[in-house]
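Asks: starting from these lines, generate the structure:
(2 chains)
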Protein chains: 2
Amino acid sequence: MSVTETYQVTGMTCGHCVSAVVAELGKVPGVREVHVALKPGEASAVSIASDAPLDPSTVREAVDEAGYDIAP
Amino acid sequence: MSVTETYQVTGMTCGHCVSAVVAELGKVPGVREVHVALKPGEASAVSIASDAPLDPSTVREAVDEAGYDIAP
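Replies: Down below sits the predicted model:
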């Protein structure tokens, strides 16, 4: 089984930000793949493919750990 | 002896960019201190304190290695 969910993440401005978010989300158990559509100055779409649906609070914590926020 | 020179560097958008530039310039022999005044969307002032005047091409190479450019 594979699930893909997309979150809007604010505050990302460059490739380093993308790397930081991908690195943190990649540590979450069950995550297979992370893709970021960077939009500096706007919310960036972060898609996460996982074996099973993720707990949104786990995703939020990983994004927060990287230094960014999920758009409300 | 200590010299401080300031360069205008383009393309830096966030703290990760600052870290990358500081890390590369910190490797240049003679560099004592690097300070970056980040201005996303504009050129950022990068001040470099060193034991003796640096070869501008060495500075340019370090900034380039970090992925940025010195403004003409």
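Asks: any idea how far B:A23 is from the closest residue to chain B within chain A?
Replies: Of all residues in chain A, A:H16 sits closest to chain B, at 3.0 Å by C-beta to the nearest C-beta. To be clear about C-beta, it is placed using only N, CA and C from the backbone, and glycine gets the same treatment. Distance of A:H16 to B:A23, given as C-beta to C-beta, to the nearest Å: 12 Å.
Asks: more neighbours: which of the two?
Replies: Set A:H16 next to B:A23 and count neighbours by other C-beta atoms under 10 Å in any protein chain shown: A:H16 wins out with 18 against 13.
Asks: contact partners for the more buried one?
Replies: Neighbour list for A:H16: B:14, B:16-17, B:19-20 [criterion: C-beta atoms under 8 Å, 6 or more residues apart in numbering or on different chains].
Asks: can you name the element that comes right after the host helix or strand of it?
Replies: Following DSSP states H and E, one finds A:H16 within helix A:15-26. Proceeding N to C from helix A:15-26, the next assigned helix or strand is strand A:31-37, under DSSP H and E.
Asks: list the strands paired with that next one, with their directions.
Replies: Sheet pairing of strand A:31-37 (DSSP bridges) gives strand A:44-50 (antiparallel).
Asks: what comes up buried for the partner strand?
Replies: For strand A:44-50, a neighbour-count test (16 or more other C-beta atoms under 10 Å in any protein chain shown) marks A:44, A:46, A:48, A:50 as buried.
Asks: name the next helix or strand following that strand along the chain.
Replies: Once strand A:44-50 ends, the next helix or strand along the chain (criterion: DSSP H and E) is helix A:56-66.
Asks: and that following helix with strand A:31-37, angle?
Replies: Here helix A:56-66 runs at an angle of 60 degrees relative to strand A:31-37 (axes from the mean of the first three to the mean of the last three C-alpha atoms, to 10 degrees).
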